[in-house]
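1. This is the structure alone, sequence omitted:
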């Protein structure tokens, strides 16, 4: 009986260590940088799920509605927007919001330096880009940036 109790405790302890080290160990948020013509573009974090960070920070409560009120960064049509992640995601989804229309952008490219890039469209006007980086273990961050194609 005593040996069974010890085996159960060891099993529970081992499982808790595995869960803590693999699923819940990523406390540090990935860093991201958006560049357009060598200028850094400000962004908002719309939502995320990252390790133990289940509660939303007050500073990252950016929503699509909030970013609509932000001043857009001027950009030229056809310019290349680059995205640099501190930790390489497994997948990146990019969505363009233009007026009431949403469009997925499929031409994002991963270069040899770990950055993603895509070309801005030729339609003039304000656009909001929703960039979602997805990492191992269903961890993700969704970033919002606003540009104005002139």
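-> Everything's here; your move. The structure displayed is predicted, hence computed values, not measured ones. Numbers count the residues shown, from 1 in each chain.

2. And the helices in the chain, which stretches?
-> With helices called from DSSP state H, the chain shows them at 2-22, 64-68.

3. Which of those helices has the lowest mean pLDDT?
-> Note on the helices of the chain: helix 2-22 shows the lowest mean pLDDT, a mean of 68.

4. Dihedrals phi and psi, the closest residue to residue 30 other than its chain neighbours?
-> In space, and not counting its chain neighbours, residue 30 is closest to residue 87: 4.5 Å by CB to CB, 6 or more residues apart in numbering. Every C-beta, even on glycine, is put in place using the N, C-alpha and C of the backbone. Note on residue 87: its backbone torsions stand at phi -130, psi 120 [degrees, to the nearest 10].

5. how close does residue 87 get to residue 93?
-> 17 Å (CB to CB, to the nearest Å).

6. One more: residue 69?
-> As defined by CB to CB, residue 69 lies at a distance of 24 Å from residue 93.

7. Those two: who's more crowded?
-> A count of neighbours by other CB atoms under 10 Å puts residue 93 above the other of residue 69 and residue 93, at 16 against 7.

8. Tell me who's in contact with the more buried one.
-> Neighbouring residues of residue 93 by CB atoms under 8 Å, 6 or more residues apart in numbering: 104, 131-132, 134.
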